[in-house]
Each structure stands twice: as structure tokens, then as C-alpha cells.
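S.K.: next one to model:
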Amino acid sequence: MNYDQILENARQNMGGRCLVCKDCNGLACRGKLPGPGGKGSGSSFMRNYQKLQELKINMDLVYHKSPINTQTELFGKTFEYPFFAAPISAVKLHYFDYYDDEGYSKAVVNGCKASGVIGFTGDGEHKECYTMGISAVKSAGGWGIPTIKPWAVEDVIQKIKTAEEAGAPAAAMDIDAAGLPVMAKDKNIGAKSVEDLRRIAESTRLPFILKGVMTAEGAEKALAAGIYGIVVSNHGGRVLDHTPATVEVLPDIVKAVGGRMKILIDGGIRSGIDVFKALALGADGVLIGRPYAIAAYGGGEEAVAMYTESIGAELRQTMIMTGCQSLSDIDSSVLWNK
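M.R.: Residues are numbered from 1 along each chain as shown. Purely as a prediction, here's the structure:
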């Protein structure tokens, strides 16, 4: 199986919900919700992608050569690469019924595990979205990070307990999911105060990650709540039209809380070069969403592992070409300023 075959299989298995475009930039699927598209005009989705493409890299091959190390430590674990599969759920609704949430989650979790990274699993309007993800994590020996919608605090705490029982190394909440049309109807879904977040974080021994932070002020509130880490995310442009790109707000967030909590980012990341750019802007790690869905639909866990290794190889090659021999060498100096 090669990657072209994976893409063709995905086109068939997604039933036209995702067009598996050559450039996954949000243009063809703008406003396609339910589905994989961005909300409204698609501006937020498209801007995530566009602003990453505008960043350029300085090439430098005059250095003392030593082995390239792409490994990173997060959540008390060591991973081969600093990127992970983002949580995706309700796949029958958004990506066609080739998979249910358990089958999809197992493909992603097992494929990621085989290549030395980890997959986040999702939650949704129906409780099965979460329990099927938990089942995948448990069957993989705890190798996955369950991600919970912003339900009432007690419900979030209870769901985290199931993540602990599954052996997960961390738990997350995608607070930005409060803006999804199918979730916004539920009165139990919504914003959380610093006190709410502190209660959740203190309820568990697991590192707790808050996904959906887009301002330095929001990051500082998460820090005050004792959160382990945040994901700078606008939910792939799916919850609010006309937001800035995640890479545009990342530097201010790093300036505010960098070094005091872990900072991950998602949004428009498609290649190992994109991963490199996000790290150069100060992220500790990266989540990738739609491309992992395409890989899973195109070839199951084997294709997920292949995609992971491909992105890892691109990251390694970019490090070679920029004189970065470990992830700690990647900083803003590798980005070209015109």
C-alpha cells in the first residue's frame, strides 16, 4: 500500500463527505457542517492553513554533524516525534459510516502506538462517542488520551475517572467544542470558570490538558487553574468564523505562559515542515486532525502508522537542513524574517 492508494481508498470510504483534496486547505469544504469543513465562510480553517504556508525557513548546513533526535517527553512518556493525532468523534456524522467511533479510534490509537506517538480520542453528543474511544484506549494498554467535551463539571470529573481506569497517561477537555452546532443545543455544555477548571484538574492524578485556548489571557487563566497544558486551537475552524490562525496567536501565548505549562497547537498542520514551524514558534507539541482521519479511512492502522512515519521523516529532514539536531535546537531563529 502506498500513499496514493491510501488517498484513493479514503475518497471511496468517506462517501464524498471529505473530498480528500490535494491541498487540505478548507476551500472545497467551507461551511460543510456536519462534515469536515470550517464554519460559515471557512475563513478560520483556511487561515490556519494559509498562515503556516507563509512562514519560511532558514537553511543552514554549516555545523558539526551529530545524530538527529526527534524524541520528546510529555505526559510522563517518551515519544518518537512531537506530534499526535487530534481527537475526532461522531465519525459517522462527519466522515461517513465506514467506521463507528470505536473502529476509527482503534485504527488511530493502534497506528499511532505502532509508530511511537499517541492518539487522542474524542467525545460527542451521544455517550457512545466517548465510551468507544475509551474502549480503544483500554485495548491498546492505555496508549491514548481521552478528550472530553465541556459538560457539567461533575460529568467531566466522572469521565476522567474512566480515563484513569483505562490506563491513559493524561486526559483532555476540548472546551472549544462548546461552539459545535450539534453540541451547542445541550444546556450542560459551555464555558468554564477558573474555579471549575481547578476542580477538574485537582480531581485527577492525570495531567489535564485544556484544548481550545486562543489568547494569552485564556492561557494565563488555565495556568492559574493548575492545568498541566493547553492546546492552542480554534477547533480546526469549525466553531467560530473569522478567528486568527492558531500560529498567529501562538507567540503571544508562549510569551505569557511558556516554560510554566506545556503548550500544544493544532490547525492546518499537514507536514513535517509545518510541525517544525510550530515548534519554532514555541510549541512543545502538535496535534494533527484531518490528515489522520484520511489515513485511517484510507488504510486503517497501517496507513496511520505510514502517515506518522512520513511526517516524522519530513521533520527529521527539515532538522538536518536547518542545523537542528534535537528538538531543543528549534527556535524562532530558524524562521526567516523578511
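
S.K.: tell me the buried residues in whichever helix in the chain runs longest?
M.R.: With DSSP state H applied, the helix covering the greatest number of residues in the chain is identified as helix 290-322. Judged by neighbour count (16 or more other Cβ atoms under 10 Å), helix 290-322 contains these buried residues: 290-312, 314-316, 318-319, 321-322. Any C-beta I mention is one placed from the backbone N, CA and C, and that applies to glycine too.

S.K.: and for stretch 75-92?
M.R.: 75, 79, 81-92.

S.K.: how many residues are close by residue 271?
M.R.: 17 (other Cβ atoms under 10 Å).

S.K.: contact partners for residue 334?
M.R.: When the contact criterion is Cβ atoms under 8 Å, 6 or more residues apart in numbering, the partners of residue 334 are 57-58, 276, 280, 322, 324.

S.K.: mark which of these are buried, thanks.
M.R.: Buried by 16+ other Cβ under 10 Å: 276, 280, 322, 324, out of those.

S.K.: what residues are up against the third one?
M.R.: Same thing as residue 322. 57-60, 276, 330, 334.

S.K.: go again using 10 Å as the cut-off
M.R.: Taking Cβ atoms under 10 Å, 6 or more residues apart in numbering as the definition of contact, the neighbours of residue 322 are 57-61, 63, 276, 280, 329-330, 333-335.

S.K.: now swap in the second one and tell me
M.R.: Shown in contact with residue 280 (Cβ under 10 Å, 6+ apart): 55, 57-58, 247, 318, 322, 324, 330-335.

S.K.: got a markdown table for these, with pLDDT too?
M.R.: Formatted as a markdown table, those follow (pLDDT from 0 to 100):
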| residue | pLDDT |
| --- | --- |
| 55 | 98 |
| 57 | 98 |
| 58 | 98 |
| 247 | 98 |
| 318 | 98 |
| 322 | 98 |
| 324 | 98 |
| 330 | 98 |
| 331 | 97 |
| 332 | 97 |
| 333 | 97 |
| 334 | 98 |
| 335 | 98 |
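
S.K.: dump those into a markdown table; add secondary structure and distance to residue 21 as well.
M.R.: Formatted as a markdown table, these follow (DSSP: H, G, I helix; E, B strand; the rest coil; distance: Cβ to Cβ, whole Å):
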| residue | secondary structure | distance to residue 21 |
| --- | --- | --- |
| 55 | coil | 21 |
| 57 | strand | 24 |
| 58 | coil | 30 |
| 247 | helix | 21 |
| 318 | helix | 23 |
| 322 | helix | 29 |
| 324 | coil | 30 |
| 330 | coil | 29 |
| 331 | coil | 32 |
| 332 | helix | 31 |
| 333 | helix | 33 |
| 334 | helix | 29 |
| 335 | strand | 27 |
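
S.K.: pairing partners for the longest strand seen in the chain, with directions?
M.R.: Here the longest strand in the chain is taken by residue count, with DSSP state E as the criterion, and it is strand 208-213. Strand 208-213 has its sheet partners listed here by DSSP bridges as strand 171-174 (parallel), strand 229-232 (parallel).

S.K.: nearest to residue 190, out of those strands?
M.R.: Each of the strands paired with strand 208-213 was checked against residue 190 via Cβ to Cβ, and the shortest separation belongs to strand 171-174, namely 12.0 Å.

S.K.: and the closest one, C-alpha only, in CSV?
M.R.: C-alpha atoms of strand 171-174 as CSV (Å, rounded to 0.1, in the frame of the first residue of the first chain):
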residue,chain,number,x,y,z
ALA,A,171,-6.9,13.4,30.0
ALA,A,172,-8.1,16.4,28.0
MET,A,173,-11.1,18.6,27.6
ASP,A,174,-11.8,20.4,24.3
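
S.K.: and that strand, which residues are buried?
M.R.: For strand 171-174, the buried set under the neighbour-count rule, 16+ other Cβ under 10 Å, comprises 171-174.

S.K.: could I get the contacts of residue 334 as a markdown table with distance to residue 131?
M.R.: Shown next, in a markdown table, are the contacts of residue 334 (distance: Cβ to Cβ, whole Å):
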| residue | distance to residue 131 |
| --- | --- |
| 57 | 43 |
| 58 | 47 |
| 276 | 36 |
| 280 | 39 |
| 322 | 44 |
| 324 | 41 |
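
S.K.: follow-up on the earlier one: farthest pair within the buried residues of stretch 75-92?
M.R.: Every pair in these was compared (Cβ to Cβ); the two farthest apart turn out to be 82 and 92, at 31.1 Å.

S.K.: hang on, the earlier thing: with the buried residues of strand 171-174 in mind, which one is nearest to residue 270?
M.R.: The shortest separation between residue 270 and any of these is 20.4 Å, and it belongs to residue 174 (by Cβ to Cβ).
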